[in-house]
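1. Sequence and predicted model, in that order:
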Amino acid sequence: MALVVEALSKRFYEKSRGEFMASDNVSFDVRDGEIFGLLGPNGAGKTTTLRVIATILLPTSGKAILDGIDVFAQPDKARIMMGFLSSTTGLYERLTPREILQYFGRLCGMGSADLEQRIKILAATLDFEKYLNARCAGLSQGTKQKVSIARAIVHNPKLMILDEPSTGLDVLATQSMHDFIKDARKEGKAILLSTHSMDEAEKLCDRIGIINDGKILAIGSLEELRQKTGKTKLEEIFVSLVRA
Amino acid sequence: MNNIKKALSIFVVIFLKELKHAFRDKDVLIYTVVVPAVLYPLLLVGGIEIFVMKQASGSRDVVNYAVIDGEKPKIRALNQLLARGKHYKLVESKDRLKDLFNGRIGFILDEVDVSAKNPRSQKPNGQKPTIECSTKVEAIVPSSFFDINKVDALNNELKTTYKVLLGDAFKKKGLDPLALEINKVEQKNVNPQKKELFSLTMALLFFSLFNVALGGAYPAIAATSEEFEHQTIETSLILPVNRWLFMLAKLCAVLCLALMAGSINLVSMYGDSSLAVMGAGAAPGVEVFRPNLSLTLAQAPLVLIAYFIIALLYSAIMLVTASFCRTVRASQQWVSLPMTVFMLVPFLAIIPQIDLSPVTDFIPLLNNLLVLRSLFNGESPNWMHLVASLQALLLVAIAMKVTAVMVFERFENKWRW
């Protein structure tokens, strides 16, 4: 088991909404060589859950164990083992993709030679070689997203956390993104992704966790969810679980 | 040892990235290089040109002056002569020295006994010296580059416009008109024991500190608010790097660019004013704009350390101010507040009456500027300098802690209940 999340909760307070649970007692696990999808509508708590696991936000309660390491107790050790792709590209606009990858690679402890090799491979795989030395401000949304993915996995992490990875991408870019994620699965990476696209979840995920109002409503493969709800299409499964 | 090496290597990576990212921002480029190197020096050169033109046109302001004992013969004669013209006005003053330094009066005239000061002027046979050689008139002026030309102008006035009147008046009183050459006495401070000098070079040094703040403002915004606006903060938070190391690297990058702006400005202003003075030729009074840097080898490192500490404090204040804002635009508005303070405090620090004392030593910013002033003027380091410097370093540490909370911890704990 690569990642085990146990009873993870995150409480927020906002003036307009008062106190509310963005993640409420969330438990699931992600295995090596598996794509686990968190599927939920907007505001369901997907991003918050991923951010807490990625150590960007502190949890209110709960545990996350990554290959035997307590993520919240030893965040620096866990951070080296995970790559996080946020829903926004989050790139330094005045740096080039090469400089960004060098920066993140070096800070994750990579040596210069390995890093250069890794940058070459990632740029070739994600098809942004010709933009390696152009400033990020001038790149298209699709290329920025590709660079952002490369940044997240430049240090070859064991766990990839991808928050809505195909947001803002056209059909072709989405397809190449899906291919890349599938290839990573083949390499044995544990992949945790969030999406609100039924189509994407159906195509990519080995197991799906349906989340709404911060709570996990059901977890299982598509077949298991079908059996549980008696519905065939993921969309119908999702609606029946959320409305129930 | 390995940990230190690793930390140092991480520091260098973050520092270089911050430097590169900030320096590619055109706002940073404008305020770090263009404004300090071009705009302000041009304004100084323009000021010198206006001064030269004003001198050439002969237009002059009325100068107020006070006298010590107006009943003395030479002073009385001078008062009468100057009263006939329109450039000098005698005023009453209760505290002449204070009025001299706060600018209410331009100079103080005094008729002093030369024989007491110079025994050689005594007649050898013990006879009483004649009035012509026993007294002389002195004009006390502040030792400031603004006042360097005042006594020459006064003497010129007496030698030209009133030359005839002067001669007549003196001859009637049995005096030698040639004995009425006014001698210049520079008063260095309100406190006569203190050896301080208010030079153009020091004014340029203080002005360059404003450029330090200006040069640090935009890199500070790029290092904090821009991280939020472009949502790069999330990607920084998942890096396995100590938060303090992160903040230290950001501070050093801001400091580096701030110091660069200050140095560029200082060199440029120094060079341009020297060239402008050379270009103005023999224009009367233009010499006051000739900068003169006379630091000794022992003084220079102390002055540099004091300057560095101020730049460090300015950079930290810029960072902490910008860290409260989540957009670049908001930051640009907020940093104008410390910028105003950084612009006004040097004006206070250059006032001769304000001195480094046990009270001013505890006023942040002002104390560091006063330390710089006193070290620049050749004073030896003392405990007050140390207290002011330690206080500045403490403020930097507090500012960095607050910045770390605003940039990292507030994000991590955001809305935590």
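-> The structure has been received and is ready for your questions.
2. Please name the residues that touch residue A:95.
-> For residue A:95, the contacting residues are A:103, A:135, A:136, B:17, B:20, B:21, B:24, taking Cβ atoms under 8 Å, 6 or more residues apart in numbering or on different chains as the criterion. Placement of C-beta: from N, CA and C, glycine included.
3. quick one: pLDDT of residue 66?
-> In the absence of a named chain, chain A is used. With respect to pLDDT, residue A:66 scores 93.
4. The chain in question should be chain B.
-> The model reports residue B:66 with a pLDDT of 91.
5. hmm, back to that, could I get the contacts of residue A:95 in TSV, plus columns for secondary structure, pLDDT and distance to residue A:87?
-> Written out in TSV, the entries for the contacts of residue A:95 read as follows (DSSP: H, G, I helix; E, B strand; the rest coil; pLDDT from 0 to 100; distance: Cβ to Cβ, whole Å):
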residue	secondary structure	pLDDT	distance to residue A:87
A:103	helix	95	21
A:135	coil	94	22
A:136	helix	93	17
B:17	helix	95	23
B:20	helix	93	26
B:21	helix	93	22
B:24	coil	91	26
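6. can you give me the mean pLDDT across stretch A:233-240?
-> The pLDDT scores in stretch A:233-240 average 85.
7. next structured bit after the lowest-mean-pLDDT helix or strand in chain B?
-> Across the helices and strands of chain B, mean confidence by mean pLDDT, DSSP states H and E is lowest for helix B:131-134: a mean of 55. Using DSSP states H and E, the next helix or strand after helix B:131-134 towards the C-terminus is strand B:135-142.
8. For that next one, what does the pLDDT average out to?
-> Strand B:135-142 carries an average pLDDT of 83.
9. how far does it sit from the chain's center?
-> Computed by Cα atoms, centre = their mean, to the nearest Å, the separation of strand B:135-142 from the middle of its chain amounts to 27 Å.
10. do the same with stretch B:43-52
-> Here the centre of stretch B:43-52 is set off from its chain's centre by 18 Å, with Cα atoms, centre = their mean.
11. So what touches it?
-> Outside stretch B:43-52, the residues touching it (Cβ under 8 Å, 6+ apart) are B:269, B:272, B:273, B:275, B:276, B:277, B:280, B:283, B:285, B:286, B:289.
12. contacting residues for the second one?
-> This points to residue B:272. Per Cβ under 8 Å, 6+ apart, neighbours of residue B:272: B:41, B:42, B:44, B:45.
13. Please repeat the previous calculation with a cut-off of 6 Å.
-> For residue B:272, the contacting residues are B:41, B:45, taking Cβ atoms under 6 Å, 6 or more residues apart in numbering or on different chains as the criterion.
14. Can you report phi and psi for it?
-> Its backbone dihedrals place residue B:272 at phi -70, psi -40, with angles given as degrees, to the nearest 10.
15. ranges for the helices of chain A?
-> According to DSSP state H, chain A carries its helices in the segments A:46-53, A:75-81, A:97-107, A:112-125, A:141-153, A:171-186, A:198-204, A:222-229, A:234-243.
16. Tell me how far whichever residue of the stretch 251-400 of chain B sits closest to chain A lies from residue B:390.
-> With Cβ to the nearest Cβ, the shortest gap between the stretch 251-400 of chain B and chain A falls at residue B:328, namely 11.5 Å. As defined by Cβ to Cβ, to the nearest Å, residue B:328 lies at a distance of 34 Å from residue B:390.
17. ok, these two, which is more surrounded?
-> Neighbour totals were compared for residue B:328 and residue B:390, and residue B:328 leads with 19 against 11 (other Cβ atoms under 10 Å in any protein chain shown).
18. which residues touch the most centrally placed residue in chain A?
-> Residue closest to the mean C-alpha point of chain A, counted by Cα atoms, centre = their mean, is residue A:162 at 1.7 Å. The neighbourhood of residue A:162, defined by Cβ under 6 Å, 6+ apart, consists of A:85, A:193.
19. now do the one 5 residues further on
-> Under the criterion of Cβ under 6 Å, 6+ apart, the contact partners of residue A:167 comprise residue A:87.
20. Just the pLDDT for residue 181.
-> By default, I'm working from chain A. Reading off the per-residue confidence, residue A:181 sits at a pLDDT of 91.
21. try chain B instead
-> The predicted local confidence for residue B:181 is 66.
22. Please apply the same query to residue B:412.
-> Taking residue B:412 on its own, its pLDDT is 68.
23. and stretch B:103-119, how far from the chain's centre?
-> Using Cα atoms, centre = their mean, we find the averaged C-alpha position of stretch B:103-119 to lie 29 Å away from the chain's own average C-alpha position.
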